[in-house]
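1. I would like the atomic coordinates for the input below:
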Amino acid sequence: MTTRWRRMLAVDAPVLTKPFWLLAAVAAVGLLCSAYREVAGLGPASGLNDGYTWGMFKNFNVTVLTALGSGGFALGVLVFTLDRRKYHSLIRTGLLTSILCYTAGMITLAVDVGRPWNLFFMADPFVWNVHSILFEVALCMTAYVMIALDFENLASVLDRLEERPFPEIVHDIARFARRFVKSVYPIGLALALTLPAMHQSSLGTLMWQSGPRVHATWQTPLLPALYLIMAFVLGLAFVDVVLLASCAVWKRPIDRELLAHLADAVSWLAIFWLAVRFGDLVGRGQLGAALHLDYYGILFVVETLLIAVPTILLRWESTRLDPSRSFILLVTLCIGGMVYRYAPTTLAFMPGPGYRYFPSVIELLISMGFMALGVIGYLFTVKNFPILPATVEMCREAEAARERRHEIRRRADQLSSTQKEQVA
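-> Model prediction:
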């Protein structure tokens, strides 16, 4: 029987499991290291120096994690701009991965800044540096997380409030909030599609402004476009990976045809990105330098193979319809895309002779801690809110089970009231 995802349903599983507590321990270590960084400063807490003033916090947690978290943006373009309604059941998963990846990146950025209270100055237009690309990135990311993503993720919260036996005033508030959301949804959607496009491309602009400090293989005026296209690729691929992993862990039926269509879109986007990438290298006369047998040539070849090989293999429909093979190829593609996004900032960054950078243990622990917090947020949310896609039959069974639990609770309350009256 072919599985078709039509609705969204929470995972019926306990939240406090052994993996949850393990992730909580990793997150706690990261928070403790963050406190140490605030007290000790960047010097003792990181591997940064005068040549590499940006490290793990900005280059990975912001540049890479926000690309992985572009699923909500990319699916929004597919569903609301290109009218691909078949992907609508995946929207909430994409939005959840977006807000978790972006929030982890933003918090880590606050740790890197060292004076997080100064972030409040972003709310004061009179002190804005309107000529700074980095400020534009920070402003768009903050607005995207605090306005657009919070707004878009509100639907699942309202669903929970309306379906649970809360006091009637809670249901009234939820219904009013839903009417308000519907009335302003076009504005929220416009922000949700504009803000990430602006800051994803501007991250590429930042590295283009670095000039000769970025190796010529990666340094190009097309960096903004390449960064934006790769955000689409990574965002959609990561949503596919998350859904395949979630279905495997919690034994949920997989809509293979829908995820195969998503993988097909990912592969076409990756082919387009590869065409732009190699067209740019040929146009600038840098293809020979990119294939030169040195550190940068090897990095380019590895990066390209990690992207190109899974992209080509995903062109076969039988591969896309096989969850295990599709999962491995999409993970490989995600790794390749992450290497590309990370390369201009660190791996292919050339500050000058005598400078070396490798993340310190504290940097790694902080980054791992906030990524663990993101996974914790995912586990908690999908087990408490209707996020993951499900079949109509699953939703009906869950509704029937919910009604039975409500009836049992109601009878228990009636029995308790009767016993109290008899005692009185």
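2. quick one: Thr97 and Leu68 touch, right?
-> Yes. Counting by CB atoms under 8 Å, Leu68 is a contact partner of Thr97 at 7.4 Å. From N, CA and C alone the C-beta is placed, and that goes for glycine too.
3. I'd like to know which helix or strand in the chain has the lowest mean pLDDT.
-> In the chain, the helix or strand scored least confidently by mean pLDDT, DSSP states H and E is helix 392-423, which has a mean of 70.
4. residue ranges with poor pLDDT in the stretch 1-150 of the chain?
-> Scanning the stretch 1-150 of the chain for pLDDT under 70 picks out the ranges 1-2.
5. Skipping its backbone neighbours, what lies nearest Trp128 in space?
-> Leaving aside its sequence neighbours, Trp128 sits nearest to Phe135 (CB to CB, 6 or more residues apart in numbering; 6.5 Å).
6. Next, count neighbours for the one you found.
-> 14 (other CB atoms under 10 Å).
7. Please apply the same query to Leu228.
-> So Leu228, with other CB under 10 Å, has 22 neighbours.
8. just checking, what packs against the helix or strand harbouring it?
-> Element membership for Leu228 (DSSP states H and E) is helix 223-249. Contacts defined by 3 or more CB pairs under 8 Å, 6 or more residues apart in numbering; DSSP states H and E place helix 223-249 against helix 65-68, helix 71-76, helix 91-113, helix 168-208, helix 256-283, helix 323-342.
9. Contact partners for Arg284?
-> Going by CB atoms under 8 Å, 6 or more residues apart in numbering, Arg284 touches 216, 220.
10. what's the answer for Ala348, then?
-> Residues near Ala348 by CB under 8 Å, 6+ apart: 214-215, 217-218, 296, 299.
11. Do you know the pLDDT at it?
-> The per-residue pLDDT reported for Ala348 equals 92.
12. Tell me who's in contact with the closest residue to it other than its chain neighbours.
-> Spatially, and ignoring its direct neighbours in sequence, Ala348 is nearest to His215 (4.1 Å; CB to CB, 6+ apart). Listed by CB under 8 Å, 6+ apart, the contact set of His215 reads 296, 348-350.
13. can you tell me which residues contact Pro224?
-> Listed by CB under 8 Å, 6+ apart, the contact partners of Pro224 are 201-202, 204-205, 208.
14. again, 6 Å this time
-> Going by CB atoms under 6 Å, 6 or more residues apart in numbering, Pro224 touches 201, 204-205.
15. Any regions of the stretch 251-400 of the chain where pLDDT drops low?
-> Residues of the stretch 251-400 of the chain that meet the cut-off, pLDDT under 70, do not exist.
16. Backbone dihedrals for the residue nearest the centre of the chain, please?
-> Centroid-nearest residue in the chain, with CA atoms, centre = their mean: Gly69, separated by 1.9 Å. Note on Gly69: backbone dihedrals following degrees, to the nearest 10 are phi -90, psi 20.
17. In stretch 11-19, which residues are buried?
-> Val11 (16 or more other CB atoms under 10 Å).
18. How about stretch 130-146?
-> 133, 136-145.
19. Likewise for stretch 182-198?
-> For stretch 182-198, by 16+ other CB under 10 Å, it's 188-189, 191-193, 195-198.
20. do the same with stretch 351-364
-> Across stretch 351-364, burial judged by 16+ other CB under 10 Å covers 357, 359-360, 362-364.
21. Can you tell me which of those residues comes closest to Lys18?
-> Leu364 (23.2 Å; CB to CB).
22. quick check, the closest one in a helix?
-> Yes. Assessed with DSSP: H, G, I helix; E, B strand; the rest coil, Leu364 lies in a helix.
23. What about the closest residue to it other than its chain neighbours, how many residues nearby?
-> Among residues not flanking Leu364 along the chain, Met56 sits closest, at 6.9 Å (CB to CB, 6+ apart). Applying other CB under 10 Å, we find 24 residues neighbouring Met56.
24. so how far is Cys334 from Met56?
-> 18 Å (CB to CB, to the nearest Å).
25. Quick one: residues contacting Pro323.
-> Contacts of Pro323 by CB under 6 Å, 6+ apart are 244, 254.
26. Show the residue spans covered by the helices in the stretch 1-150 of the chain.
-> 18-40, 42-45, 56, 65-68, 71-76, 91-113, 133-143, 150-152 (DSSP state H, counting those that start in this stretch).
27. List the contacts of Trp268.
-> With CB under 6 Å, 6+ apart, Trp268 has no contacts at all.
28. Relative to Leu236, how far out is it?
-> From Trp268 to Leu236 the distance is 10 Å (CB to CB).
29. What residues sit buried inside stretch 328-342?
-> For stretch 328-342, by 16+ other CB under 10 Å, it's 328-334, 336-342.
30. any idea which of the residues you listed is the one closest to His88?
-> Nearest member of the buried residues of stretch 328-342 to His88, counting by CB to CB, is Leu330, at 20.7 Å.
31. does that closest one really touch Asp240, like I thought?
-> Yes. The pair Leu330 and Asp240 passes the contact test of CB atoms under 6 Å, sitting 5.3 Å apart.
32. quick revisit: from Trp5, how far out is the residue nearest to Trp128?
-> Phe135 sits 41 Å away from Trp5, going by CB to CB.
33. likewise Ala123?
-> According to CB to CB, Ala123 and Trp5 sit 40 Å apart.
34. what do you get for Lys182?
-> Counting by CB to CB - Lys182 and Trp5 are separated by 23 Å.
35. now swap in Tyr185 and tell me
-> Distance from Tyr185 to Trp5, by CB to CB: 22 Å.
36. ok, Ser98 - contacts?
-> 69, 71-72, 149.
37. neighbours of the residue lying closest to it once chain neighbours are set aside, just the number please.
-> Spatial nearest neighbour of Ser98, chain neighbours left out: Gly72 (3.6 Å); criterion: CB to CB, 6+ apart. Applying other CB under 10 Å, we find 30 residues neighbouring Gly72.
38. surely Gly72 meets Leu96?
-> No. Using CB under 6 Å, Gly72 is not in contact with Leu96; the gap is 7.9 Å.
39. ok now do Thr311, which residues does it touch?
-> By CB under 6 Å, 6+ apart, the residues touching Thr311 are 267, 270-271.
40. Next, count neighbours for Leu287.
-> If we define neighbours as other CB under 10 Å, then Leu287 has 15 of them.
41. and the gap between it and Ala401?
-> From Leu287 to Ala401 the distance is 60 Å (CB to CB).
42. Kindly report the same for Ala190.
-> 39 Å.
43. Test my guess that Phe327 contacts Ala245.
-> No. Applying CB under 6 Å as the test, Phe327 and Ala245 come out as separate, 7.2 Å apart.
44. So for those two, which residue has more residues nearby?
-> Ranked by neighbour count (other CB under 10 Å), Phe327 and Ala245 place Phe327 first, with 19 against 13.
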